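In: predicted structure and sequence below. I'll ask about it afterward.
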Amino acid sequence: MFKNFGFMDQQEIQKIAVEALQRQEKQQSRQEEKIALIEEREATIDYGSAVFEEYTSDNWNDKVKKDRNIYNKFLSNIEEGEAVDKITLIIKDFLESAQSIYEHININPETYGFKGLMLDASEAELNLESQRIVDNFFNKHYFSLSNSERDKLYMEQSLSLAKEIVLNEEIEITEAMEHANKAIIVEKLLQEVNFPKPIYYRIQELMTSPLYGEIFEQEVLVDKWNKFKDKSNALSRVFAALI
């Protein structure tokens with residue numbers, strides 16, 4: 001009787017030992033998965049920091065000093081006064097929105113155009129480059145396109161905006177369509193000026209990356225981007241009315 005009990009006890013001990021070993025193996029497997037995930041996250045973060053320098057307020061200020069020359073090209077079409085002051089405040093609010101995105105993602109600001117021009121460049125040089133940037137952008141994204149290409153790219157968005165303009169401002173559809181087309185191109189320009197393509201693509205990646213979302217405040221970035229888009233849309237409507 002004691003021998004059978006000893007045998008059964010030994011089997012029970014062995015069963016417990018096997019189960020403990022299995023639990024240990026599962027825990028080790030989960031730990032290895034966690035380590036792999038952390039390494040993947042670190043690799044993603046390291047990739048970003050390797051490609052993009054960190055944000056500095058000095059570089060942001062340098063960027064704005066150049067970019068303001070582009071905004072001034074639109075403001076040059078109206079006389080100094082209350083209207084200019086109001087638009088200047090809209091631009092200030094718009095730029096603060098863009099700056100907050102750069103600060104949040106900690107990426108050093110990039111400038112669109114002005115290649116080879118230093119901050120101490122003459123006013124004439126900065127004005128000439130600003131005009132070149134605006135002209136080239138409109139030529140590339142509108143004037144150089146055929147009617148069918150324009151329709152394919154902009155018709156749906158133009159119609160939607162034109163309908164909104166007609167309902168809210170009671171102007172003719174032809175005039176509304178013309179304004180809508182201008183506003184769409186200006187908004188594309190504003191986005192490109194503030195977030196040149198490498199930065200823009202990085203922002204889109206971060207807003208949709210599950211890894212980024214697990215580590216950083218992704219919803220804050222999405223909210224900041226949406227606010228920037230709203231302000232960009234509003235400013236583009238103002239600038240479109242000036243050209």
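Out: Alright, I've got the coordinates. Numbers count the residues shown, from 1 in each chain.
In: all contacts plus neighbour counts: C-alpha atoms, from now on.
Out: Fine.
In: which residues are in contact with Tyr200?
Out: Counting by C-alpha atoms under 8 Å, 6 or more residues apart in numbering, Tyr200 touches no other residue.
In: just the element for it, please.
Out: Here Tyr200 sits within helix 197-208, counting by DSSP states H and E.
In: and the very next helix or strand once past that helix, what does it pack against?
Out: Counting by DSSP H and E, the next helix or strand C-terminal to helix 197-208 is helix 210-215. In terms of contacts (3 or more C-alpha pairs under 8 Å, 6 or more residues apart in numbering; DSSP states H and E), helix 210-215 is packed against helix 197-208.
In: tell me how far the helix it packs on lies from the chain's centre.
Out: Taking C-alpha atoms, centre = their mean, to the nearest Å, the mean C-alpha location of helix 197-208 is offset from the chain mean by 6 Å.
In: tell me which residues in that helix are buried?
Out: Of all the residues in helix 197-208, those buried under the rule 16 or more other C-alpha atoms under 10 Å are Ile199, Ile203, Leu206, Met207.
In: could you dump these to a markdown table with distance to Ala183 and pLDDT?
Out: Below are the buried residues of helix 197-208 laid out as a markdown table (distance: C-alpha to C-alpha, whole Å; pLDDT from 0 to 100):
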| residue | distance to Ala183 | pLDDT |
| --- | --- | --- |
| Ile199 | 23 | 96 |
| Ile203 | 23 | 96 |
| Leu206 | 27 | 96 |
| Met207 | 26 | 96 |
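In: okay, now the domains of the protein?
Out: 1-51, 54-240 (automatic domain parsing).
In: what pLDDT does Pro198 get?
Out: If you check Pro198, the pLDDT there is 94.
In: and it, how far from Leu221?
Out: Distance of Pro198 to Leu221, computed by C-alpha to C-alpha, to the nearest Å: 17 Å.
In: backbone phi and psi for Glu170, please?
Out: Dihedral pair for Glu170: phi 50, psi 50, per degrees, to the nearest 10.
In: sorry, that was for Ala121
Out: Ala121 has phi and psi values of phi -60, psi 150 when expressed as degrees, to the nearest 10.
In: mind checking how far it is from Glu53?
Out: Ala121 sits 25 Å away from Glu53, going by C-alpha to C-alpha.
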